[in-house]
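> For reference, the sequence and a predicted model appear below.
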Amino acid sequence: GQQLNQSPQSMFIQEGEDVSMNCTSSSIFNTWLWYKQDPGEGPVLLIALYKAGELTSNGRLTAQFGITRKDSFLNISASIPSDVGIYFCAGQYYGGSQGNLIFGKGTKLSVKP
Amino acid sequence: DAGVIQSPRHEVTEMGQEVTLRCKPISGHDYLFWYRQTMMRGLELLIYFNNNVPIDDSGMPEDRFSAKMPNASFSTLKIQPSEPRDSAVYFCASSLARDYRFFGPGTRLTVL
């Protein structure tokens, strides 16, 4: 079945640094989503990507849908302490059970003030 | 607008007891999903409904787990009997057709 490899598993950075994380798969996806989960809360959608090659920004966050449709990355510029949390990628495909969404294992981000 | 509402937020129970988790999806959403999150396995889809009808329950671990959606505004996930390995955070999420999913705050279940 489809699987997503998300890396890195964790990151420890200094406030103000830029952050980059990515997801890869051997399967093709129609949609890539990036979520953030704060401690004790559910994942919240950050960015949704619907077309291969698409580059989308949301404030300091930028995400891209890979040309091959098998990967995506998320960049965070000038990190701040409230960026702390777990970031999940998710790939959505339309085959078999409709609307199936596969989640990566997450990247845990720690920001040192 | 209210988001997805889950109750209880925390549940501690003893092995063998019945546990019922509740979810109220966002009004107007026609898909409802139940997920389980653990450190080892990440986010796992357990079951999802479309227009109150279960579509895919292949992620439900075993017969001890059951889920119902009696109407468009309410769903339950029941574990009977509960076991320590069921300890996890359980999320409910809802969506409109093919749109992305909105997650609730989760229920942290601890089975002693």
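Received, thanks. Numbering: from 1, shown residues only, chains lettered A, B, ... in the order given.
> Name the residues of the helix or strand B:Lys78 falls within that come out as buried.
Following DSSP states H and E, one finds B:Lys78 within strand B:74-79. Going by neighbour count (16 or more other C-beta atoms under 10 Å in any protein chain shown), the buried part of strand B:74-79 is B:75, B:77, B:79. Every C-beta, even on glycine, is put in place using the N, C-alpha and C of the backbone.
> So what pairs up with the residue in chain B positioned nearest to chain A in the strands?
As assessed by C-beta to the nearest C-beta, chain A sits closest to B:Phe103 within chain B, at 3.3 Å. The bridge-partner assignment for B:Phe103, based on DSSP bridges, gives B:Ala93.
> give me every residue that touches it.
A:35, A:42-44, B:4, B:35, B:91-93 (C-beta atoms under 8 Å, 6 or more residues apart in numbering or on different chains).
> Show me what the helix or strand of chain A with the lowest mean pLDDT pairs with in its sheet, parallel or antiparallel.
The helix or strand of chain A with the poorest confidence is strand A:100-103; it has a mean of 85 (mean pLDDT, DSSP states H and E). Applying DSSP bridges, strand A:100-103 is found paired with strand A:85-93 (antiparallel).
> Write the PyMOL selection for whichever of the contacts of B:Phe103 are buried.
Selection of buried members from the contacts of B:Phe103 for PyMOL, criterion 16+ other C-beta under 10 Å:
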select buried, (chain A and resi 35+42+43) or (chain B and resi 4+35+91+92+93)
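> can you tell me which of the contacts of B:Phe103 are in strands?
A:35, A:44, B:35, B:91-93 (DSSP state E).
> Could you check the pLDDT of the most centrally placed residue in chain B?
For chain B, the residue nearest the mean C-alpha position is B:Trp34 (3.4 Å; C-alpha atoms, centre = their mean). If you check B:Trp34, the pLDDT there is 96.
> cool, A:Gly1 as well?
62.
> So which of the contacts of B:Phe103 is the closest to B:Glu83?
Nearest to B:Glu83 among the contacts of B:Phe103, counting by C-beta to C-beta, is B:Tyr35 at 18.8 Å.
> residues contacting the closest one?
B:43-46, B:90-93, B:103.
> How about the contacts made by the residue of chain A found nearest chain B?
Closest residue of chain A to chain B, C-beta to the nearest C-beta: A:Gly42 (3.3 Å). Residues near A:Gly42 by C-beta under 8 Å, 6+ apart: B:4, B:91, B:93, B:103-106.
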